[in-house]
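Participant: My questions concern the predicted model and sequence given below.
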Amino acid sequence: MAAKSARRKGVVDTSVVVAGIAAFKGFPRVSPSAKLLREWLEHGNFTWLVTEEILVEYRAVLSRLRVRPRVIGALINLLREEAELVEHRSTPGLSPDPGDDPFCACAEAVGAAFIVTLNPKDFPQRKLRAKVISPGDPLPTTARRRAR
């Protein structure tokens, strides 16, 4: 596995985490979200960026969807061990959905190459250097330059 600092950096929206976990739940089908999570787990193909706000959201949404507490705990613990924790607070107004501001702010704080989401309308590309992608898209290697 490549050193964390040498890998491309990305932020994963809660929608992708939920869809990925749902696909693992006894269904033989493979969704793009599940494939993205599996690739990260097995190959560490990118540095997953998180903040405390993001971890709290993952936990809250998965709990609300009745994912088993053991699964939620395992995910949060794994991210605390393997993801890069960004010390940055949310910046209001980056997203039309205030709940997505922490994801945008995290990506902007460290110059992430991408934000992966199933809800691209909540991540206005014109305001972000990180490329907004869907789970099945190739992972960009560097952040793009924001239009002025």
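Facilitator: Great, that's in hand.

Participant: ok, and the closest non-adjacent residue to residue 35?
Facilitator: Computed as Cβ to Cβ, 6 or more residues apart in numbering, the closest residue to residue 35 that is not its neighbour in sequence is residue 135, at 7.1 Å. C-beta coordinates here come from the backbone N, C-alpha and C atoms, glycine included.

Participant: An error on my part: the question was meant for residue 31.
Facilitator: With Cβ to Cβ, 6+ apart, the residue lying closest to residue 31 is residue 23, at 4.1 Å.

Participant: Tell me how far that neighbour lies from residue 38.
Facilitator: 9 Å (Cβ to Cβ, to the nearest Å).

Participant: Going by how many neighbours each has, rank these two and give me the top one.
Facilitator: residue 23 (19 against 14; other Cβ atoms under 10 Å).

Participant: for the chain, which spans come out with low pLDDT?
Facilitator: Residue ranges of the chain with pLDDT under 70: 1-6, 25-29, 142-148.

Participant: what about the strands in it?
Facilitator: Secondary structure of the chain (DSSP state E): strands located at 9-12, 47-50, 84-85, 114-116, 131-133.

Participant: So what touches the third one?
Facilitator: Put plainly, it is strand 84-85. Strand 84-85 has contacts (Cβ atoms under 8 Å, 6 or more residues apart in numbering) with 4, 9, 47-52, 110.

Participant: That strand pairs with which strands?
Facilitator: Partner strands for strand 84-85, per DSSP bridges, with pairing direction: strand 47-50 (parallel).

Participant: cool, the last one as well?
Facilitator: Strand 131-133 pairs in its sheet with strand 114-116 (parallel), by DSSP bridges.

Participant: Touching, the residue nearest to residue 35 and residue 18? I think so.
Facilitator: No. Using Cβ atoms under 8 Å, residue 135 is not in contact with residue 18, being 11.5 Å away.
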